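Engineer: below is the sequence, then the predicted model.
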Amino acid sequence: MARLNVNGKDHTANVDPETPILWVLRETLGLTGTKYGCGIASCGACTVHVDGEAVRACAVRVSAVEGKKIVTIEGLSPDGSHPVQKAWVALDVPQCGFCQPGMIMAVAALLKQKPKPTDADIDANLTNICRCGTYVRVRAAIHAAAKA
Amino acid sequence: MNAFPKVSRRSFLVTAAAAGGGLSLGFHVPYARGATAQEMAPEVNAWVVVKPDDTVVVRIARSEMGQGTLTGLSQLVAEELECDWKKVTTEYPTPGQNLARNRVWGNFSTGGSRGIRESNDYVRKGGAAARMMLIQAAANDWKVPASECSAQNSVITHTPSGRTTTYGKVAAAASKLEAPKEITLKDPKDWKVAGKSVPRLDTVDKVTGKQIYGMDLKLPGMLTATIKDCPVFGGKVKSFDAAAVQKMPGVKHVVPVGETAVAVVADTWWQAKKALDALPIVWDEGPNAKVSSKDIAQMLKAGLDAPEAVVGNQNGDVKAGLASAAKKIEAVYSYPFQNHACMETMNATAVWTADKCEVWTPTQNGEAALAAASESSGHPAAKCEVYKLHLGGGFGRRGAVHDWVRQVVAIAKQVPGTPVKLIWSREEDMLHGRFHPITQCKLTGGLDAQGNLTSLHMRISGQSIVAAIFPQNIKDGKDPVVFQGLNPPGPEASLGYTIPNLLIDHAMRNPHVPPGFWRGVNLNHNAIYIECFIDELAQAAGIDALEFRRKLLANSPKHLGVLNAVAERAGWGKPAPAGVHRGLCVTMGFGSYVAGCAEVSVSPEGVVKIHRIVAAIDCGHAVNPQQIEMQLEGSFVYGLSAMLYGECTVKNGRMEQENFDSYRVLRIDGMPKVESIVMPSGGFWGGVGEPPIAVAAPAALNAIFRATGKRIRDLPLKHHSLKKA
């Protein structure tokens, strides 16, 4: 039995403690905004915040996050009003959109650390994969969100 | 127009009840977008439903996978409908409904950049017909001639009296009218919604996590499965020891899937994955167990000089032309297998009973998915249904071959009545792709004493997608898709260059690795082969690469138009920033003309930086310029990924790359600036999702040559050192 705090709510999940939090979020708690893309912490589609830091949920066991605060895309803002989400909508960033929850969570964490990131900061810190190729607009939206 | 009610009209409700079996099973069916409009309001026609509150539901037969088709097609319908764009929503009709209604929505296939270019005419007519019926219904109510009424923004006005009503108020009456026989479409120059960069209709849910993709579906009582197909193509399962994992947590079933695969069905995907990893499976690896990339390369190499080949484009006498050339240049190029690597791995959910089979899946072609479900289920198509869910990437992987649909149905058939969701692991997705075809190409060019290109022989050796997937379309040994971008003058994928003696032929060599349509398809490598070789010829002739092309394109004004546009915007012929070098490319495919100019620098250590790509597209009509720009930007990521890193290699009959650690793809740090020139010249409808991809790699490779003096002919680039000697 794992005890989790997700998006401000306490949950208990009857799962093997070895289960990656990605699958607990998706399958046990029904929070499917966090995506499976690779399972090896390479693509970033599963990015969530654990105590405010961007973490790849496919590679972290549920037993490692007990007592910590997890925030998923569903909890980033109550109504899509986080500055990153607003910038994403204003610039029409998503194409298929599958990677975007992870991308947005990674960017939200980056902006907390570096409120005015340079292009070099973005290049060095944002390693999420988007196969549709939204990078041009992702970059523009990060700068827009930083100004907001 | 006939103002009288129809005598017998098949309402959407009837067919929906027949086809929407998911509801009768008692499941909540979360469609990709709300599909319940028909419960609220009758349809005006197959394309348009108007609710009493004036909400317009546009039916979209093609699939949205990120390319913006959903928004573009809605703009075209709304333009003719004269409705309030702010009140437009969309829904997918199902393939089963299409079948039951004599294919009223036409083709569902969303590939070959055809979504808009092939259906623009009939969807616009659908919108126009609905407008005419709504006006007629108001006119009938007012007892005035319809010719005295007009519509704008979902409001109908009787001009002489000034009376008004709204679409929502007359929709029910309009739905009982006969469809008009004669429909005149607007001149695109009068468009108000189409042709404009309106925001996408599907953005908001994608930034909040609410968008449901195939992988996210949940049905009551659902089990989740994952699968291992024999890693060697052509191999089979010899045996597996189900008992070894049967007692693992959550495991419900361990089942064979056809002769080649095994699946574990469990309460959760993670449990299924753990058990499948632990499951002892013995494979019969079959006849391909020893094949490696080297063998395949040898096989293709033999095709480069084979006496037998199928001609794709020919004029003059290339043999004589080359024999009398003042200068002869020869080069051999190659392009490897690529995996689509959609961010969302292949997945589907199915329920099978003795009476019916239902499937929920992200697909580029709902009708092909229905056919696959029918074949695999043993039920006729009329007893099957497919509900399309949003795609986490398509790129051609989810269109022609529905292997994962066959699998999920085969699994569900072994647990009748229970919904089963099959999700492939990334590893399975990488091992069992439908790969970008592998080819080699030998080019021989002849220049006269003035440096004019007088003769060109281009021999392609390699794989045919059509032979593997649609063998019935091979005529006289010819796969016409092989010659994309190299065809004789005409409206589809033509080679723009006029060359007095020309021969382009193909020696088909099909390795055992299954090929598929990969965004851009054969245009990807064909553009690299011809456009890099044209640069080689220009250099041999001592002529500027732009001038050399311009001369050869004198008879191809649209090719020339996009080329000139990028050359001008990029500043071709003017000095580039220090250390930056430029390269050009022009091509045509999927009905559109595209050119690119890449700006690249290469450090003394050999690190390539692509700074900027200026690109132009003439797609005839531009329905949403911003979406077109996004397709240019996005397709460059796909094309540059492949050029820089992308390669799937074969060892012992199987693919070697199993995840993004060994199949590297472009991330934001490698992304150049993109300047797009959308320059629709009118009079034709070209595709947008694929044509631009083909210009990124050749333009960058030509720039790399100028930066380093090294001509890269074997891709990907990662195998070559560009370090300064």
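Structural biologist: Arrived safely, thanks for sending. Numbering: from 1, shown residues only, chains lettered A, B, ... in the order given.

Engineer: so how far is B:Val262 from B:Asp277?
Structural biologist: 12 Å (CB to CB, to the nearest Å). Any C-beta I mention is one placed from the backbone N, CA and C, and that applies to glycine too.

Engineer: what do you get for A:Lys35?
Structural biologist: 26 Å.

Engineer: who has more neighbours out of those two?
Structural biologist: For A:Lys35 versus B:Val262, the count of surrounding residues by other CB atoms under 10 Å in any protein chain shown is larger for A:Lys35: 28 against 21.

Engineer: how about the more buried one, what does it touch?
Structural biologist: A:45-46, A:98-99, A:101-102, B:213, B:215, B:343-344, B:392 (CB atoms under 8 Å, 6 or more residues apart in numbering or on different chains).

Engineer: okay, the residue of the stretch 151-300 of chain B found nearest chain A: pLDDT?
Structural biologist: Residue of the stretch 151-300 of chain B nearest chain A, by CB to the nearest CB: B:Gly209 (2.0 Å). With respect to pLDDT, B:Gly209 has a value of 97.

Engineer: now do the one 5 residues further on
Structural biologist: In the predicted model, B:Gly214 carries a pLDDT score of 98.

Engineer: does it touch B:Val386 like I think?
Structural biologist: No. Checked against CB atoms under 8 Å, the pair B:Gly214 and B:Val386 is beyond contact range at 11.3 Å.

Engineer: find the residues that touch each one of the two.
Structural biologist: Common neighbours of B:Gly214 and B:Val386 (CB under 8 Å, 6+ apart) are B:360-361.

Engineer: got phi/psi on A:Lys112?
Structural biologist: phi -70, psi -40 (degrees, to the nearest 10).

Engineer: can you give me the distance of it to A:Arg137?
Structural biologist: 21 Å.

Engineer: who's more crowded, those two?
Structural biologist: A:Arg137 (23 against 12).

Engineer: can you confirm B:Ile360 is in a strand?
Structural biologist: One correction, residue B:360 is Trp, not Ile. Yes. Residue state for B:Trp360 (DSSP: H, G, I helix; E, B strand; the rest coil) corresponds to a strand.

Engineer: helix, strand or coil for the residue of the stretch 251-400 of chain B found nearest chain A?
Structural biologist: Chain A sits closest to B:Gly392 of the stretch 251-400 of chain B, with a gap of 3.1 Å, by CB to the nearest CB. Look at B:Gly392: counting by three-state DSSP, its state is coil.

Engineer: check it and give its pLDDT.
Structural biologist: For B:Gly392, the model assigns a pLDDT of 98.

Engineer: and for B:Ala78?
Structural biologist: Note for B:Ala78: predicted pLDDT of 98.

Engineer: please apply the same query to B:Ala41.
Structural biologist: Reported pLDDT for B:Ala41: 79.

Engineer: give me the mean pLDDT for stretch B:435-449.
Structural biologist: 98.

Engineer: now the end-to-end length of it.
Structural biologist: 43 Å (CA to CA, to the nearest Å).

Engineer: do stretch B:396-408 as well
Structural biologist: End-to-end distance (CA to CA), stretch B:396-408: 20 Å.

Engineer: what about that stretch, near chain A?
Structural biologist: No. Stretch B:396-408 is not in contact with chain A by CB under 8 Å from any CB of the partner chain; minimum separation 10.4 Å.

Engineer: let me know the average pLDDT across that stretch.
Structural biologist: Rounded mean pLDDT across stretch B:396-408 is 97.

Engineer: cool, and stretch B:627-634?
Structural biologist: Here the average pLDDT along stretch B:627-634 is 97.

Engineer: how about stretch B:589-600?
Structural biologist: Here the average pLDDT along stretch B:589-600 is 98.

Engineer: ok, stretch A:127-143 next?
Structural biologist: Rounded mean pLDDT across stretch A:127-143 is 98.

Engineer: residues touching B:Lys328, list them.
Structural biologist: With CB under 8 Å, 6+ apart, B:Lys328 has these contacts: B:322, B:444-447.

Engineer: which stretch of helix or strand covers it?
Structural biologist: strand B:327-335 (DSSP states H and E).

Engineer: nearest to chain A: which residue in the stretch 1-150 of chain B?
Structural biologist: Counting by CB to the nearest CB, the stretch 1-150 of chain B gets nearest chain A through B:Gly66, at 3.2 Å.

Engineer: neighbours of B:Pro249, just the number please.
Structural biologist: For B:Pro249, using other CB under 10 Å, the count is 14.

Engineer: the residue found closest to it once you drop the neighbours it is linked to in the chain: which element?
Structural biologist: Nearest non-adjacent residue to B:Pro249, counting by CB to CB, 6 or more residues apart in numbering or on different chains: B:Gln271, 5.6 Å away. B:Gln271 belongs to helix B:269-278 when assigned by DSSP H and E.

Engineer: how about B:Ala694?
Structural biologist: Per DSSP H and E: B:Ala694 is located in helix B:693-708.

Engineer: longest helix in chain B, please.
Structural biologist: When chain B is scanned for its longest helix (criterion: DSSP state H), the result is helix B:120-142.

Engineer: beyond that helix, next helix or strand please.
Structural biologist: Next element after helix B:120-142 (DSSP H and E): strand B:149-152.

Engineer: pLDDT weak spots in chain A?
Structural biologist: Applying pLDDT under 70 to chain A flags no residue at all.

Engineer: ok, now which ones touch the closest residue to B:Val48 other than its chain neighbours?
Structural biologist: Spatially, and ignoring its direct neighbours in sequence, B:Val48 is nearest to B:Ala130 (3.9 Å; CB to CB, 6+ apart). By CB under 8 Å, 6+ apart, B:Ala130 lies in contact with B:44-45, B:47-48, B:50, B:81, B:174.

Engineer: rerun that using 6 Å as the cut-off
Structural biologist: Each residue near B:Ala130 by CB atoms under 6 Å, 6 or more residues apart in numbering or on different chains is listed here: B:44-45, B:48, B:81.

Engineer: ok, A:Gln100 next?
Structural biologist: A:94, B:206.

Engineer: measure how buried the residue in the stretch 401-550 of chain B positioned nearest to chain A is and give me the count.
Structural biologist: Using CB to the nearest CB, the closest approach of the stretch 401-550 of chain B to chain A is made by B:Arg426 at 4.7 Å. By other CB under 10 Å, the residues close to B:Arg426 number 22.
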